[in-house]
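Visitor: Fold the following for me, if possible:
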Amino acid sequence: QVQPVESGGGLVQAGGSLRLSCVGSGRTFGSYAMGWFRQGPGKERDFVAEIRRSGATRYADSVKGRFTISRDNAKNAVYLQMNSLKPEDTAVYYCAAQVLATSRYEYWGQGTQVTVSS
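Guide: Numbering: from 1, shown residues only. Just a heads-up that it's a prediction; the model follows:
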């Protein structure tokens with residue numbers, strides 16, 4: 001079991017950058033695929049990016065070329081580098097761990113707010 005904890009959110013102007021961090025407890029952190037999701041005001045939670053145990057990555061079309069997900073298993077950490085931010089990126093960003101047996105994201109952090117001003 002792993003408990004993700006996000007940090008790094010804040011207020012930034014359009015065109016700016018932020019780096020989100022997610023630290024997970026537990027010695028088996030490296031065995032999980034990790035993902036970032038976001039939920040904007042009045043919207044459902046959407047997929048943003050994921051990184052597999054192998055290091056393979058996948059992104060939502062809306063963030064391709066602007067966001068980069070990475071992980072450091074030695075630090076039990078996953079990062080989301082967000083560049084060229086847009087007002088529509090405003091959301092609460094969640095980090096989650098995917099259970100291998102079910103292929104479902106079952107462990108979620110509490111979220112960190114990202115606000116992009118125009």
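Visitor: List the beta-bridge partners for the residue most central in space within the chain.
Guide: Nearest to the geometric centre of the chain sits W36, at 2.6 Å (Cα atoms, centre = their mean). Counting by DSSP bridges, W36 is bridged to A49, C95.
Visitor: measure it to D61 for me?
Guide: As judged by Cβ to Cβ, to the nearest Å, W36 and D61 stand 15 Å apart. Just so you know, the C-beta spots here come from the backbone N, C-alpha and C atoms, and that holds for glycine as well.
Visitor: Likewise for Y32?
Guide: 24 Å.
Visitor: Looking at these two now, which is surrounded by more residues?
Guide: The neighbour comparison of Y32 against D61 (other Cβ atoms under 10 Å) goes to Y32, with 26 against 6.
Visitor: Quick check, that one in contact with I51.
Guide: No. Y32 is beyond contact range of I51, at 9.8 Å (criterion: Cβ atoms under 8 Å).
Visitor: In contact with Q81: list those residues for me.
Guide: Under the criterion of Cβ atoms under 8 Å, 6 or more residues apart in numbering, the neighbours of Q81 are 17, 19, 67-70.
Visitor: Filter these down to the ones in strands?
Guide: Among the contacts of Q81, the residues falling in strands (DSSP state E) are 19, 67-70.
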